[in-house]
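A.B. asks: here are the coordinates; sequence isn't available:
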């Protein structure tokens, strides 16, 4: 079978060159970012990571947008990667880059989520595993995944520009934002229905302080109240 590849990632479907570049860059960025965070001692600091991400997501409309479209981003990224060839010639098809990418997230979320509770860590990692199983078991045209992925990015930029009034966290720390976004969404969703409310309030207060220190003048907006 012919492998259409860009560097190490080969696709089994015809995909736009821009999509190949995007996917080829995505995983190295994540790994480099994880190494940088580990050097700074922040990689597995749940509270610090959530406060950082939350400080960029204080507006309720923007948070709702992210609750909907961050999981969509992750799922469609896995869907695109499910169209890749196995990581080594001759390997079974399921050993593709969706499994590699999903394993990074699932492993990280198990360790990070367990900082809050073991059940949260297990649940977060199992959701990623379930997504990998779904995209591998029920394939969709890769260009459909790509289109939904792009739209999801655009809607989130709209949320930041119109509702949050602040640039996304990824412009400050791309890898940290990409890693934390789905876990933040899960945490926000669970706390909304009453789980760990006191922890959420503590982190929100810390996020407001972090935002005040980052924004010139340190003023608190009405959205933060």
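C.D. replies: That came through, no problem. Note that the structure is a prediction, hence the values are computed from the model and not measured.
A.B. asks: now residue 116: closest residue in space that isn't a chain neighbour?
C.D. replies: Leaving out its chain neighbours, the residue that sits closest to residue 116 by Cβ to Cβ, 6 or more residues apart in numbering is residue 46, at 6.1 Å. C-beta here means a position set from N, CA and C on the backbone, and glycine is covered the same way.
A.B. asks: can you check residue 49 too?
C.D. replies: Counting by Cβ to Cβ, 6+ apart, residue 49 lies nearest to residue 180, which is 5.2 Å off, once chain neighbours are set aside.
A.B. asks: follow-up on the earlier one: need the contact list for the residue nearest to residue 116.
C.D. replies: Contacts for residue 46 (Cβ atoms under 8 Å, 6 or more residues apart in numbering) come out as 112-113, 115-116.
A.B. asks: residue 188 now?
C.D. replies: Taking Cβ under 8 Å, 6+ apart as the test, what residue 188 contacts is 63, 67, 200.
A.B. asks: let me know the closest of the residues you listed to residue 57.
C.D. replies: Nearest to residue 57, judged by Cβ to Cβ, of those is residue 63 at 5.3 Å.
A.B. asks: where's the residue nearest to residue 49 relative to residue 93, distance?
C.D. replies: Look at residue 180 and residue 93: by Cβ to Cβ, to the nearest Å, they are 31 Å apart.
A.B. asks: and what of residue 78?
C.D. replies: Applying Cβ to Cβ, the value for residue 78 to residue 93 is 15 Å.
A.B. asks: compare the two (neighbour count), which wins?
C.D. replies: More neighbours surround residue 78 than the other of residue 78 and residue 93, with 23 against 12 (other Cβ atoms under 10 Å).
A.B. asks: go ahead and confirm that one touches residue 96.
C.D. replies: No - counting by Cβ atoms under 8 Å, residue 96 is not a contact partner of residue 78; they are 10.1 Å apart.
A.B. asks: show me where the protein has helices.
C.D. replies: Taking DSSP state H as the criterion, the chain contains helices spanning 17-39, 46-54, 60-81, 97-113, 118-137, 142-158, 174-192, 197-214.
A.B. asks: give me the mean pLDDT for the second one.
C.D. replies: This means helix 46-54. The average pLDDT for helix 46-54 rounds to 93.
A.B. asks: number the residues from 216 up from this point.
C.D. replies: OK, 216 is where the count begins now, so the last one is helix 261-269.
A.B. asks: could you pull out the buried residues of it?
C.D. replies: Using 16 or more other Cβ atoms under 10 Å as the test for burial, helix 261-269 gives 261, 263-269.
A.B. asks: okay, the angle between it and helix 312-328?
C.D. replies: Interaxial angle of helix 261-269 relative to helix 312-328 (axes from the mean of the first three to the mean of the last three Cα atoms, to 10 degrees): 120 degrees.
A.B. asks: for the third one, same thing?
C.D. replies: Computed by the same axes, to 10 degrees, the angle separating helix 275-296 from helix 312-328 equals 140 degrees.
A.B. asks: what comes into contact with helix 275-296?
C.D. replies: With Cβ under 8 Å, 6+ apart as the criterion, helix 275-296 contacts 230, 234, 238, 241, 272, 311-313, 315-317, 320, 343, 346-347, 349-350, 354-355, 357, 360-361, 363-364, 367-368, 370-371, 373-375, 378-379, 396-397, 399-400, 403-404, 438.
A.B. asks: are any of these buried, and if so which?
C.D. replies: Buried by 16+ other Cβ under 10 Å: 230, 234, 238, 241, 272, 311-313, 316-317, 320, 343, 346-347, 350, 357, 360-361, 363-364, 367-368, 371, 374-375, 378-379, 396-397, 399-400, 403, out of the contacts of helix 275-296.
A.B. asks: I am finished for the moment; much appreciated.
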